[in-house]
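Novice: predicted structure and sequence below. I'll ask about it afterward.
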Amino acid sequence: MSRTGEDRSRRAAALARAAAITAALLIAGCSYLDSAVALIHLARETGAMDGRLAWTLPLILDGVTTAGLLMVISRTIDRDPTWGPWLMVLAGTAASVAGNVAHAPEALTAQVVAAAPPLALAVILEALRAEYRRLATKAEPEPDPEPDEGPVAVPEAVPVLEGQAVPVAVPEPKPVPADPRGTGAREVAERLWATSGGQVGGAELARAAGCSDGYARRLLREFRDRDAQPAHTNGHRP
């Protein structure tokens, strides 16, 4: 379809939607008016409400239906549960139907006609809610597609000749915390490690350096890892 044809279709759809919403609002207004007149007369004739306040009865009953549907719209947009507002819609519609039917003559046809305004009001309000939800969903921006990072590069395997030493990656030793007894303890430990050829225990090192057993053990691990690195790099086991 050409761009001109698409523009014409959009304009036609917009006009049809505007006409439908206008008609729905007109029907809703008439339903409000008919239901309000019947409920006002019912409140006055039965004496259930003071004559000066009889006009508040339709506001209460039909207002519950309207407020419930508005809350349904709000909770639907927020993706919250809507069963509570729907109960309000059902309760308000049922009460308004009962009031309109009670005001009508006892003939079945009259009672059916009397029940039509509140039922039509509920149907029209639901249609308007569904249309609003459809337009709101249509206006939501589409999520951006995830960027294509392409194939993942896999490092090529390096052939190893027979008899060739295989380099082994040795993790770097964790840094030893600062000497809690000053630099003298570390220097003493270094000398004792060198003179003993690495054959010194943690307790002996702690006594000679004047530091704690925990710090002496950390120094021993550091010395062993440091001395083991050249051996790993050349392909020999320590």
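Specialist: Nice, thanks for sending it over. Small disclaimer: the values here were computed from a predicted structure and weren't measured.
Novice: contacts, neighbours, all on C-alpha from now
Specialist: Fine.
Novice: which phi and psi does the residue nearest the centre of the chain have?
Specialist: By Cα atoms, centre = their mean, the chain has its centre lying nearest to residue 79, at 9.2 Å. Here is the backbone geometry of residue 79 (degrees, to the nearest 10): phi 60, psi 40.
Novice: kindly report the same for the one 4 residues further on.
Specialist: Dihedral angles of residue 83 (phi, psi; degrees, to the nearest 10) stand at phi -70, psi -30.
Novice: show the subsequent helix or strand relative to the biggest helix by length in the chain.
Specialist: Once the chain is assigned using DSSP state H, the helix that runs over the most residues is helix 3-46. Sequence order places helix 56-77 as the next helix or strand after helix 3-46, per DSSP states H and E.
Novice: just want the angle from that next one to helix 3-46.
Specialist: Here helix 56-77 points in a direction 140 degrees away from that of helix 3-46 (axes from the mean of the first three to the mean of the last three Cα atoms, to 10 degrees).
Novice: tell me what helix 56-77 is packed against?
Specialist: helix 3-46, helix 83-103, helix 108-139 (3 or more Cα pairs under 8 Å, 6 or more residues apart in numbering; DSSP states H and E).
Novice: just name the most buried of those helices.
Specialist: Neighbour counts averaged per stretch over those are highest for helix 83-103, at a mean of 20; criterion: mean count of other Cα atoms under 10 Å.
Novice: looking only at pLDDT, what's the mean for it?
Specialist: Averaged across helix 83-103, the pLDDT comes to 93.
Novice: contacts for that helix?
Specialist: Helix 83-103 is contacted from outside by 35, 38-39, 41-42, 58, 61-69, 71-72, 111-112, 114-116, 118-119, 122, using Cα atoms under 8 Å, 6 or more residues apart in numbering.
Novice: same thing but at 6 Å, please
Specialist: Helix 83-103 is contacted from outside by 38, 42, 61-62, 64-65, 68, 71-72, 111, 114-115, 118, using Cα atoms under 6 Å, 6 or more residues apart in numbering.
Novice: repeat that for stretch 202-221.
Specialist: Residues from elsewhere that reach stretch 202-221 (Cα under 6 Å, 6+ apart): 185, 188-189.
Novice: how about it: buried residues?
Specialist: Neighbour-count burial for stretch 202-221, with 16 or more other Cα atoms under 10 Å as criterion, is recorded at 202, 205-206, 209-212, 215-220.
Novice: could you list the low-confidence segments of this protein?
Specialist: By pLDDT under 70, the low-scoring segments of the chain are 1-2, 140-183, 230-238.
Novice: how is it carved up into domains?
Specialist: Following automatic domain parsing, one gets these domains for the chain: 14-139, 183-233.
Novice: how distant is the last one from the center of its chain?
Specialist: If you compare the mean C-alpha spot of domain 183-233 with that of the full chain, they lie 55 Å apart, counting by Cα atoms, centre = their mean, to the nearest Å.
Novice: for the residue lying farthest from the centre of the chain, helix, strand, or coil?
Specialist: For the chain, the residue at maximal distance from the C-alpha centroid (Cα atoms, centre = their mean) is residue 195, at 65.0 Å. When classified by DSSP: H, G, I helix; E, B strand; the rest coil, residue 195 comes out as helix.
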